[in-house]
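Asker: structure for this input, please:
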Amino acid sequence: MPRPYWSGQIQISLVSFTVKLFVATESKGEIHFHQISRKTGERVRHQKVLASAIEQSPDEASDPVAKNDIVKGYEYSKGQYVTIEPEEIEHLRVPSKHTVEITQFVDLNDLAPEYLEKPYFVVPENDLQTEAFAVVRSALEKTKKAALGKIAFGGREHVLAITAAPEGAGMMAYTMRYQEELRDPAEYFRDIKKVAINEDSLDLAETLIKKKAAKFDPSKFVDGYEVALKELVEAKVNHAPIPKDEPAAPKRNNVVNLMDALRKSLDNKEAAASAPSESSSSKKKSPKSAPAAKKGIALVKTSAPAAKTSAKRKSA
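Answerer: This is a model prediction of the structure:
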């Protein structure tokens, strides 16, 4: 198991128990780029230098500043800075660095998605903490509530929402945005023209939504940008033609009748559901031709090792 991102106490009135937080997400991108000189093909590296040296001699190379010689500085007046040492930040007096004090419980439905920022797994620190942990988790699950508190890490204090995990015996924690971090939606929505909703159009739209409704399955969603990058890298490594995006279809000037568009959408949906799929019909006619329908997917999967090898060779 990886090291916890944060460990400390959760305190609810006189009840407290120690937990560990683990980051629940990870980057899965397999294509990583370096900055390369167009002229020489060599890798470019960034160096931290004195700003005054660059201003005085912009065309001359300046000696890099050592990492140990760099501290944080706050500009309190033009060109005047107060420096802050790492040890001073480490010893800031912020109680939520060590303890999350629960100040409120809210309905899960009250957690607006735009406020949720990053998820974490919450587990008890050891077996001695499990009983209190399990009781609180079960209570949150039964009441469909989230516990709100504050936690300090990563250079700031966050609002933290703690809920029962949907699967397993653990809990989830979500850092949340402050209200002042969200832009005022009225600035973006106020100019939307108000229109009368046609009841027949609304019924058709609701029917279309119901027909396309399904249980959320995150495994069905793939990063198409990453797939396209792999294809581009593979084509360059193998000196093959580079795949290019198709030009966008020209915008139509004619106004499409909304009712007709909704009806046709439902007709197409029903026709697609009743008609046998192309792959299934091809299996019945010719079993040997079935793999051809998956050729594009197989190409992407087999291209991944080549892309990784290329990336390693370039980074080396």
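Asker: quick one: the strands in the stretch 51-200 of the chain?
Answerer: Counting by DSSP state E, counting those that start in this stretch, the stretch 51-200 of the chain has these strands, from start to end: 72-77, 80-84, 99-101, 104-107, 116-124, 145-153, 156-164, 171-176.
Asker: same list (those strands) but as JSON lines, adding distance to residue 138.
Answerer: Where C-beta positions appear, they are placed from N, C-alpha and C, glycine not excepted. As requested, these are exported to JSON lines (distance: least, CB to CB, whole Å):
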{"stretch": "strand 72-77", "distance to residue 138": "44"}
{"stretch": "strand 80-84", "distance to residue 138": "44"}
{"stretch": "strand 99-101", "distance to residue 138": "19"}
{"stretch": "strand 104-107", "distance to residue 138": "14"}
{"stretch": "strand 116-124", "distance to residue 138": "13"}
{"stretch": "strand 145-153", "distance to residue 138": "12"}
{"stretch": "strand 156-164", "distance to residue 138": "7"}
{"stretch": "strand 171-176", "distance to residue 138": "10"}
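Asker: in CSV: those strands, plus mean neighbour count and mean pLDDT.
Answerer: Formatted as CSV, the strands of the stretch 51-200 of the chain follow (neighbours: other CB atoms under 10 Å; pLDDT from 0 to 100):
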stretch, mean neighbour count, mean pLDDT
strand 72-77, 10, 92
strand 80-84, 11, 92
strand 99-101, 19, 97
strand 104-107, 12, 97
strand 116-124, 18, 97
strand 145-153, 20, 97
strand 156-164, 20, 97
strand 171-176, 22, 98
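Asker: and the ones you listed: which comes nearest residue 64?
Answerer: Taking CB to CB, strand 72-77 is the member of the strands of the stretch 51-200 of the chain nearest to residue 64, at 17.9 Å.
Asker: helices or strands up against the closest one?
Answerer: strand 80-84 (3 or more CB pairs under 8 Å, 6 or more residues apart in numbering; DSSP states H and E).
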